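>>> Mind looking at a prediction? Sequence and model below.
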Amino acid sequence: MLGCKLYSYKYKHMKILFVCLGNICRSPIAEGVLQKMVSDLNLAWVIDSAGTESFHIGEHPHKYSQQVCKEHGIDISTQRARRFTSADMDKFDKIYVMASDVYEEVKEIAGAKFDGNKVDYFLNEFYPLQNKTLKDPWYGDLSGYYEVYEEVEKTCDAIIKKFG
């Protein structure tokens with residue numbers, strides 16, 4: 001982490017959820033990275049991740065997700081994939097989606113509970129208002145996971161600077 005300074009305690013108890021498709025690549029990396037950052041700053045935030053699909057429920061993060069995190073001192077091996085539910089809208093203060101299809105699925109799953117003020121594109125914290133998709137590394141090799149990690153790290157740092 002890049003030496004973030006705590007400016008206030010307004011968000012001392014923030015609850016953040018990261019959502020991608022299967023909850024084994026992008027969102028577990030984001031969960032691990034942000035959890036490490038908030039832990040280093042002694043913030044009492046709740047960090048979690050989920051997927052909109054049920055393909056991998058109960059599985060560990062992808063081996064490459066675990067590898068790139070481990071190389072950066074972050075252990076995500078105990079995480080288990082779970083599916084996003086409408087109850088998550090009530091449980092979390094901020095829900096970050098990794099792509100436009102994920103946004104639409106979160107909206108559909110949440111139904112009447114959907115709160116557009118809570119849901120945003122993850123990369124909007126680093127690239128404001130661009131609604132950019134965080135590339136899904138699932139279809140590539142290890143190099144794609146390193147690229148995702150770099151995007152996740154700088155975006156999580158932006159989240160810390162904004163809310164920490």
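Received it, and whenever you're ready, just let me know what you need.
>>> Now do the same contact list for Gln66.
When contacts are counted by C-beta atoms under 8 Å, 6 or more residues apart in numbering, Gln66 touches 60, 76-77. The way it works is simple: take the backbone N, C-alpha and C, and place the C-beta from them, glycine included.
>>> any idea how far Ser54 is from Ala81?
If you measure Ser54 against Ala81 using C-beta to C-beta, to the nearest Å, the figure is 9 Å.
>>> ok, these two, which is more surrounded?
Ala81 (24 against 12; other C-beta atoms under 10 Å).
>>> my read: the more buried one touches Glu59, true?
Yes: using C-beta atoms under 8 Å, Ala81 and Glu59 qualify as a contacting pair, with a distance of 4.9 Å.
>>> where do the contact lists of these two overlap?
Among the neighbours of Ala81, those also in contact with Glu59 (C-beta under 8 Å, 6+ apart) are Ile24.
>>> circling back: would a markdown table of the contacts of Gln66 with secondary structure be doable?
Putting the contacts of Gln66 into a markdown table (DSSP: H, G, I helix; E, B strand; the rest coil) gives the following:
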| residue | secondary structure |
| --- | --- |
| His60 | coil |
| Ile76 | coil |
| Ser77 | coil |
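>>> what kind of secondary structure is Ala112 in?
State at Ala112, reduced to three classes by three-state DSSP: helix.
>>> Which is the succeeding secondary structure element to the helix or strand where Ser49 lies?
Element membership of Ser49, judged by DSSP states H and E, is strand 46-51. Proceeding N to C from strand 46-51, the next assigned helix or strand is helix 63-71, under DSSP H and E.
>>> what does the average pLDDT come to for that next one?
Average pLDDT, helix 63-71: 98.
>>> Equivalent analysis for stretch 91-109, please.
On average, the pLDDT along stretch 91-109 is 98.
>>> show me what contacts Glu19?
Heads up, residue 19 is Val, not Glu. With C-beta under 8 Å, 6+ apart as the criterion, the residues that contact Val19 are 27, 49-52, 84, 95-98, 102, 106.
>>> hmm, try it at 6 Å
Val19 makes contact with 27, 50, 84, 97, 102, 106 under the criterion C-beta atoms under 6 Å, 6 or more residues apart in numbering.
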